[in-house]
Each structure stands twice: as C-alpha cells, then as structure tokens.
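>>> my questions are about this predicted structure, shown below with the sequence.
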Amino acid sequence: MFVDRVIINATAGDGGNGCISFRREKFVPRGGPSGGDGGKGGDIIFEVDVNVNNLLDFRYRPLLKAKRGQHGMGSDCYGKAAPDMIFKVPPGTIIYRLPDTAHVPAAWDPDAPDEPTSRPQLSDLQAQELPLVADLVAPGDRFILCKGGRGGRGNIHFKSSINRAPRQAEKGFPGEIGRFLMELKTIADIGLVGYPNAGKSTLLTQVSHATPKIAPYPFTTLVPHVGVVELPKYERFTVADIPGLIEGAHEGIGLGHDFLRHIERCRAFVFVIDMAGSEGRDPIEDFKNLRKELKLFRADLVNRSCIVAANKMDLPEAEKNLAAFKSTFRRKVIPIAAKEQSGIPDLIKAMRDILRKNESAPAASDE
C-alpha cells in the first residue's frame, strides 16, 4: 500500500515537576532545601531516511506522543529527561500545520464507507492556504516538529536570605502540540508523463530494475514508481513513473492533484506519447493536452527541459503519425517501442544529456 498524504496529531512530552524537599540527615536537623528540578519532556523529531518511500506508518499511527520528563527528587537529585521520539520519513516529505478549525479526524480511514457528514475531503483541505512547517529533502536531515516542555524548578532555586525553607516549586512546562498535514512529493531526476496506457510502466522496466504493475488497461499504475538507471563509470539517475494524466487533471479529475504533485520536483520530463494512436487518440492532441494540464496546474512546469518518447513505433500508423508530429512540434523526439526494447539506448542517452545540461541549474523548487 502506498500512502502519500496523512494527517497526524503530535504531542511532545511535558516537563517533570520540581520537588519540594529538605535535608534531614543525622546531625543536620535543619538542613536547607534539597528539591531537584524535573527532567525535560521528549521531542517529536522527523528524520529523512532514503529507505522509506511512503507515509504508510503514519496512517496506522496518527497520534505521535512523547513521554514526559521524570519528576525532581530530594537530595538534590534532578529528574531524568525523557527520550526523544524519532520518526523516519521519506525524502520529499512536506509538513503543513492545520488550523484548529479543520474538522478532519486524525484517524480517518479512507477505506471506510462513504458518509457525507463525516468523511473529510483532504483534497479541499490541501487547497487551503496552510502554513508550511518543514520541507524535508536531504537524507539524514532532522527536524523537531514539537519540542518537549522544560522541567520545573525544585525548591533549591527559591531559597533566599529571608526565605530559608521555601515550600514552593514549579510544575513542569507542557510540551508543544499540533495537528499537521503530511504530504509526499516524489523526488526523481526525470518524470515520465503521459496518458493512461501510453507505455510508461513498460518503459520504466526497460530502463531500470523497477517492477511496476503492467496490464493492458488504463490506470494500471495508481502510485508513483521510481527506478534507478545505471550508466557506465558509476553514473546513475532516477526516473519516476507517474500515474497517467487525463484532461482536467489540474482540477482534480481522475485524482489529478494526487498525481501531478509527484512531478513538481523532477528536473526534466519525458513525455511518453502513444504515437500509433492505439487508444483512439491523436498523438498531437495528446501532447498539447499534457502540456496544458501541466501549465494549468503550475505555470513553470512547462518551462522545464523535456524530450518526447514516441512509443509503440512497432504498430501500424506510427510512422505516419510521427512524421506529422515532427512537422508540428520542434521537440527532440526519440522513436521507441518499449515492449520490443527498441530505441531504449537512444532514449537513455537523451535523458542523460538533458540532465547534464541542467546540472548547473538550481534544483527544481516547490515555491
């Protein structure tokens, strides 16, 4: 199961209470105060781990709660700080803070029966102006989502020349709490963009060792798949197979928003076009509509480097359609037949070249 969006509640640990205590050892009948401080509460920390590829763990654990610090004790003994709770997240995780008025239960189950009065619309929630908390990209990065509360001071801190036996201490400070929306945007060098059944998954299996599901019906791919393309001299780059787009995807049609956000971080695109028109569509219109959906979703996406993979060249009408396509668009077009493994080396070389041209450019941003 692939989960790329989830709502969580996070509660850091409270600080331990300070202690009220006095020295009462033998021969010290009127010793001074000896109450220690409470320990610090545990933090809620996210750490980027490349071995994690989705947010499934948080779906079944929507409440993240750290322990409170140990209370202070007598004989000047301070309480022990609570351990921090460290949770692994995949690269590309974005965290937004939800307003208190967002009526979305943290333990919402998307597989539950439809109930118009209780089932939240996460797509509507995503469209709101939510404050950005963190954007976790680099492996090993850590972010403190909620800080634990400071421990309360014991009565040893309240003694003075006029109050030699203070009977007061502080209670531990509460830890930070919050409600957050976590989203995952797949990070890859190149994103495969195309209509359903255009052959993107088959192409990914040919250029990498990824094994996405392949079947002769639309929307076989429902979640992004990332493959690693190995090149000579230990060079490599990653390719993401994005679920197929349809007209109106920028408005959320066909789960368009869920698919489109996974290509926002790609440095370049490969438009996989069914050049044979085997699904009854015109390749020229397919390319126009795909670029239109990208532009309507985010205007700057159409400005990124791209090449066209003219797929299914082994089928009838493909050569005729390719000639018309080249006369219409001034784009780099690589004829391939992914199923027959034809033209794959040329496509890999073209993808490598387009990435090398972009190496000096800054990484794709989300802003």
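Structure's in. What do you need? Just so it is clear, the structure is predicted and the values come from calculations on it, not from any experiment. Numbering: from 1, shown residues only.
>>> flag the shaky bits of the stretch 1-150 of the chain, pLDDT-wise.
Under the criterion of pLDDT under 70, the regions of the stretch 1-150 of the chain flagged as low confidence span 1-2, 100-129.
>>> do that again at 90, thanks
1-6, 23-32, 50-62, 74-76, 90-94, 96-140 (pLDDT under 90).
>>> can you show me the strands along it?
Residue ranges of the strands in the stretch 1-150 of the chain, as given by DSSP state E, counting those that start in this stretch, are 5-11, 44-48, 63-65, 85-89, 93-97, 132-136, 142-146.
>>> may I have the first one exported as CSV, CA atoms only?
By that I understand strand 5-11. What follows is the C-alpha trace of strand 5-11 in CSV, where atoms were taken according to Å, rounded to 0.1, in the frame of the first residue of the first chain:
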residue,chain,number,x,y,z
ARG,A,5,-0.8,12.1,2.4
VAL,A,6,-1.9,11.7,6.0
ILE,A,7,-3.0,13.8,9.0
ILE,A,8,-1.3,13.4,12.3
ASN,A,9,-1.6,14.8,15.9
ALA,A,10,1.8,15.4,17.6
THR,A,11,2.3,15.9,21.3
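>>> nearest spatial neighbour of residue 77, skipping sequence neighbours?
Spatially, and ignoring its direct neighbours in sequence, residue 77 is nearest to residue 36 (4.6 Å; Cβ to Cβ, 6 or more residues apart in numbering). C-beta coordinates here come from the backbone N, C-alpha and C atoms, glycine included.
>>> for residue 233, give its distance to residue 97.
Computed with Cβ to Cβ, to the nearest Å, the distance linking residue 233 and residue 97 is 45 Å.
>>> between the two, which one's more packed in?
More crowded of residue 233 and residue 97, by other Cβ atoms under 10 Å: residue 97, with 16 against 4.
>>> coming back round to it: among the strands of the stretch 1-150 of the chain, which is nearest residue 172?
Distances from residue 172 to each of the strands of the stretch 1-150 of the chain were compared using Cβ to Cβ; the shortest belongs to strand 5-11, at 13.9 Å.
>>> which helices and strands does that closest one pack with?
Contact analysis of strand 5-11 by 3 or more Cβ pairs under 8 Å, 6 or more residues apart in numbering; DSSP states H and E lists helix 56-59, strand 63-65, helix 122-126, strand 142-146, strand 177-184 as its packing neighbours.
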